[in-house]
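Engineer: return a 3D structure for these sequence lines:
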Amino acid sequence: MSAALSIEKLRLGYEGPRGLHTVVEDFSLSLEAGDIGCLLGPSGCGKTTVLRAIAGFEPVRAGRIRLGNVLLSSPEVYLPPERRRVGMMFQEYALFPHLSAARNVAFGLRHQPHDAQRKRVAEMLALVGLPDAGERHPHQLSGGQQQRIALARALAPEPALLLLDEPFSNLDGSTRERLTVEVREILKAAGQTAVLVTHNEAEAQVMADRIGVMHDGRLSRWEAPPRN
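Structural biologist: Predicted structure coming up:
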């Protein structure tokens, strides 16, 4: 099986008064289609910077990022975020408070015919286990339910890759543990390739097919976690 995501010798950084300040150096990984990868490490180690580069929000100083056969980024090539087929899910649910759950999920489908939107929204609400929540507004949903709706919205446009940036960190402990298992099951049911960023080792062990430990902008290993 060919890699869905391939990153080769990536360098990321920003210009400072003394020249380029490197944040990520010599970073390489490969993720198969349908797998969930995780970048694990403390705050400031560069993991979110890598995620932002994959999404198209950070320039690449060296190396390249490919999604399937498409070159997304290199020092010479830059594909805009809206053309990358990359979805994102954040720790802040970022739901529109004035829209129902169904209309939140449909937000990324607004260029599709109405009937197609309605069918896809129903599929996504069923996938995340909230088939009857479509008419409810975010303030009528629990934190875990809001995060499921955010996941449904991210999956609705059928991204080639889904990026999850600390998606459970705002939840209480028991909800976080339960939703970690449920989100993995949802992503697997959808056949969705995904990359998760977290500082929580237990979360990484539950969610990921491949875990990369980051320290000071470098990836120390990229391997499958032990499974019971």
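Engineer: identify the residues contacting the one helix or strand Thr22 maps to?
Structural biologist: Secondary structure here is read from DSSP states H and E; on that basis Thr22 sits in strand 19-32. Taking CB atoms under 8 Å, 6 or more residues apart in numbering as the criterion, the residues outside strand 19-32 that touch it are 1-15, 37, 46, 49-50, 53, 61, 63, 193, 195, 209-210, 212, 217-219, 222. Backbone N, C-alpha and C define where each C-beta goes, glycine included.
Engineer: please, where are all the helices along the chain?
Structural biologist: 47-55, 101-105, 114-127, 143-155, 173-190, 201-207 (DSSP state H).
Engineer: tell me, how many residues neighbour Asp132?
Structural biologist: When neighbours are defined as other CB atoms under 10 Å, Asp132 has 9 of them.
Engineer: residue contacts, Ala133?
Structural biologist: Applying CB under 8 Å, 6+ apart to Ala133 gives the contacts 101, 125, 141, 145, 149.
Engineer: quick one: Leu187 from Leu155, how far?
Structural biologist: With distances defined as CB to CB, to the nearest Å, the gap from Leu187 to Leu155 amounts to 8 Å.
Engineer: list the residues that are in contact with both of the two.
Structural biologist: Taking CB under 8 Å, 6+ apart as the contact definition, Leu187 and Leu155 share the neighbouring residues Leu162.
Engineer: any idea of the pLDDT on the most centrally placed residue in the chain?
Structural biologist: Central residue of the chain (CA atoms, centre = their mean): Leu163, 1.3 Å from the mean position. Predicted confidence (pLDDT) at Leu163: the value is 97.
Engineer: report the beta-bridge partners for it.
Structural biologist: For Leu163, the beta-bridge partners under DSSP bridges are Met88, Val195.
Engineer: give the contact list for it.
Structural biologist: 51, 54-55, 86-89, 194-195, 197.
Engineer: apply 7 Å and report the result again.
Structural biologist: When contacts are counted by CB atoms under 7 Å, 6 or more residues apart in numbering, Leu163 is found next to 51, 54-55, 86-88, 195.
Engineer: next one: Ala94
Structural biologist: Applying CB under 7 Å, 6+ apart to Ala94 gives the contacts Ala150.
Engineer: below-threshold pLDDT in this protein: ranges please.
Structural biologist: Judged by pLDDT under 70, the chain has its weakly predicted residues at 1-2, 93, 227-228.
Engineer: out of the contacts of Ala133, which comes closest to Leu109?
Structural biologist: Taking CB to CB as the measure, Leu125 is the one of these closest to Leu109, at 12.9 Å.
Engineer: grab the nearest non-local neighbour of that closest one.
Structural biologist: Nearest residue to Leu125 in three dimensions, chain neighbours excluded: Pro131, at 5.1 Å (CB to CB, 6 or more residues apart in numbering).
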